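[1] When you get a sec, could you give me coordinates for this:
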Amino acid sequence: MKAVVEEAAAVAAVDTVAVVAAAVVVAVETVAIVVAAAEIVVIAVAVATKAPRFSRKAQDFFPGLFCAVIARNVWARAGELFAHACRVLIGAEPVARRSTAAYFSFAYARCKSDTDWMSKRDLATAILGIEGGGTKTTWALLTPDGKLLKQGAAGPGNTLLLTDAALEKLFRGIRRGAGAGVSAIGGAFAGCKQAEEKARMEKILRRVWPNAGTIRVMEDTRSVLAAAFGEGPGIVVIAGTGSNVAGQKSSRDPVEKTGGWGHLFSDEGSAYDLSRRGLEAAYAHYNATREISLLAREFLTASGKATLEELVPHLLSDTSKTAVAQGSRCVFAAADKGDADAILVIRGAVHRLAQNVVLTSRRMDLPAPRVALTGGLFENQAGYVRFFQRVLKKALPKAESFLLTTPGVYGAARLAGLEKLPQVEAAHKNGKPIAEPARLAAFAQAATEQRNPRSRGLDRRSIPELVDLFIREERYVEKSLAAERANIAKAAALVAKRLAAGGRLIYVGAGTSGRLGVVDASEMPPTYNAPPEQVQAIIAGGPASVFKSQEGAEDSREAGVAELRARKLSKRDAVCGIAASGQTPFVLGALEFARKTGAGTILLTCNPKRVIRTPVDVAIDLPTGPEIVTGSTRMKAGTATKLVLNMLSTIAMVRLGRVRDNLMINVQATNDKLRARAVRLVESLADCNAERAQTALERASWSVREAVEYLGNGENK
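    Residues are numbered from 1 along each chain as shown. Purely as a prediction, here's the structure:
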């Protein structure tokens, strides 16, 4: 009896605690309701008056209100959990053991709902930055205090090259990602310099975001200045494919510009300028000495040509600004090897670019300007940065120069009211971005980066032993293909279906993976007489990467997107990303864009345990295992990858009717070997002798299919 009384007393005590906790909950909930009402009034007034700054000040005035909402959940749920915990401890309510977990879940859900509510508040006061260039448009959605909410990329945004309808379509695509409820917009666009153009852009932006308060439109140079200097004075030096030097005394004053008039007669110190002058120096040296200099050799290696005579038609096949600019890598490579002509070309480019800074500084009356360096050359060529800074210091001793790492899109948002710039994720060292720790860890865990225990002591083995080892290791290639048989079949069916519907197969890769794609795509026209555009290959760094590695080319997701966008990717196409590690940014960026476009997507890797999982229609992860030489994916991974590409393209051609029986009925007989093969094909298919086969082929312009039809499948034997 005594035990029963004691247990009842304990239960009563706990129930008393529960009642007190409930009373606290009611009080806190009441305060929270008042808090929420106050917040609603503040935001409503701000929206009604289109005064986002007022809204922000109001929020700063009531910091405790927002904290109270979270405190509501903490105190209330703590009281409930305390009461139930006591019941569990004394055993007075066994059911509480089961219900406590439910209370934890309920408490989490209530706190999460308040977090979501806070996120909605962020979106209601968010600032949208947009930067539109000739190749792509980037955007970022940020809170006034610099918290990055969302970001993305879209198509070209040069206002002089797009109609109103095209621009509105571009912005509506951004709105789908960023949302409709933004408080302010800062838009910086190539070509948007004149007042009429700015008014046009603001009108289109307001149609897409009618409830936005501030909308500020500017040319793209202004956003870079804002990213570097905000409202204050300074000069930016942009050196990429093209170049430009621009300065401001304040964000409200006109931009002072020197150079940047286009690659045909300006753009001093740009990649285009370096490449053009490098070619000029290489041919001048050859004219004078009839010797191929180190600089000329770099251009030949990059293009895959043997002589300077052969190089000329290759250069003339694509004289676009972007194509020519790729040759700047050859100039830097030759300079690193001590080529005097290459060093002179770089020195001249740096001096011309620095002189433009001096001229800008004088016109602005800024004897000690801050100078921000940005663009691909500065970001990827550390030596170019150091050389430029030395030359600038001599020409303008009081100038302070630095490498700008803040994206221009943040500058656009800054001019629309962004109060604090967000932290840039990637650190920089010597002008080159360093991958974040998570990415480095993901690469370290890749199967292709592990050491192969079967090849330890490689450098101490005899040649026969090494040959035996290579032969044994190839067994893992066959096993890996068998393991992924089902996915390979799915991918082959996807490709065949897309090509049959008039689409294209586009391989995307970097390094060895990219070269394998190039090899497979290049074989389709001669083997099956397929149109060259039907199977294409994109390699990071462009065609020059086929013959020479292009450092850092694979690290840009945007570059992969730009390549597909330039090819006008459609939902009829299929994109096959090739990456041994499965984590190459260039490839993953292209696949994400392809998926958004509606194209079929395939990812081919040799890393089943890859950390980064990009959504695709079919993923083929070949378990080839560690390489004989650690990380050398041109070996087993390369062999297995090429075999899969063989299957994808060949099966598609079979399904398209470009193979009869097991014979290449559409072969292009362009040399003696292939003409002899064509004769044998016609002999076999038309059941005739070699003489009649050759006569029929000559009449049919060496088309095997037409020759067989002419001979009537054996009737003319």
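[2] Please enumerate the strands of the stretch 501-650 of the chain.
    505-509, 535-539, 574-578, 600-605, 618-621 (DSSP state E, counting those that start in this stretch).
[3] so what strands line up beside the last one?
    Meaning strand 618-621. strand 600-605 (parallel) (DSSP bridges).
[4] can you tell me which of the strands of the stretch 501-650 of the chain comes nearest to S303?
    Minimum separation from S303 across the strands of the stretch 501-650 of the chain (Cβ to Cβ) falls at strand 535-539, 14.0 Å. Glycine gets a C-beta too; all of them are placed from N, C-alpha and C.
[5] Contacts for that closest one, please.
    Strand 535-539 has contacts (Cβ atoms under 8 Å, 6 or more residues apart in numbering) with 504-510, 514-515, 517-518, 520-522, 524, 545-546, 560, 563-564, 567, 590, 649.
[6] same question, stretch 331-342
    Contacts of stretch 331-342 (Cβ under 8 Å, 6+ apart): 274-275, 277-278, 281-282, 284-285, 293-295, 297-298, 343, 345-346, 381, 383-384.
[7] which ones among the residues you listed are found in strands?
    With strands taken from DSSP state E, there is no overlap with those.
[8] Write a PyMOL command that selects only the buried members of the residues you listed.
    Applied in PyMOL, the following selects the buried portion of these according to 16 or more other Cβ atoms under 10 Å:
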select buried, resi 274+275+277+278+281+282+285+293+294+295+297+298+343+345+346+381+384
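[9] Please flag which of the contacts of stretch 331-342 sit within helices.
    274-275, 277-278, 281-282, 284-285, 294-295, 297-298, 343, 345-346, 383-384 (DSSP state H).
[10] S361 contacts P369, correct?
    Yes. S361 sits in contact with P369 when judged by Cβ atoms under 8 Å, with a separation of 5.2 Å.
[11] Overlap of the contact sets of the two?
    Residues touching both S361 and P369 (Cβ under 8 Å, 6+ apart) are I235, G247, L396, A399.
[12] Top of those residues by number of neighbours, please.
    Ranked by neighbour count (other Cβ atoms under 10 Å), the shared contacts of S361 and P369 have I235 at the top, with 28 neighbours.
[13] which non-adjacent residue is nearest that residue?
    Nearest non-adjacent residue to I235, counting by Cβ to Cβ, 6 or more residues apart in numbering: G247, 3.9 Å away.
[14] Give the next helix or strand downstream of the helix or strand hosting the one you found.
    Under the criterion of DSSP states H and E, G247 resides in strand 243-248. Sequence-wise, the next helix or strand downstream of strand 243-248 (DSSP H and E) is strand 256-258.
[15] Who is the residue nearest to I235 paired with across the strands?
    With DSSP bridges applied, G247 shows beta-bridge pairing to I235, E256.
[16] That one against P369, yeah?
    Yes. With contacts counted by Cβ under 8 Å, G247 reaches P369, the gap being 6.9 Å.
[17] intersection of neighbour lists for those two?
    Common contact partners of G247 and P369 (Cβ under 8 Å, 6+ apart): P233, G234, I235, S361.
[18] Tell me which residues touch the third one, please.
    Right, I235. Applying Cβ under 8 Å, 6+ apart, one finds that I235 lies in contact with V245, A246, G247, V357, T360, S361, M364, L366, P369, R370, V371, A372.
[19] Identify, from the residues you listed, the entry nearest to L149.
    Once Cβ to Cβ is applied, the member of those that ends up nearest L149 is A372, at 25.8 Å.
[20] can I assume that closest one is in contact with F402?
    Yes. With contact defined as Cβ under 8 Å, A372 counts as touching F402 (6.2 Å).
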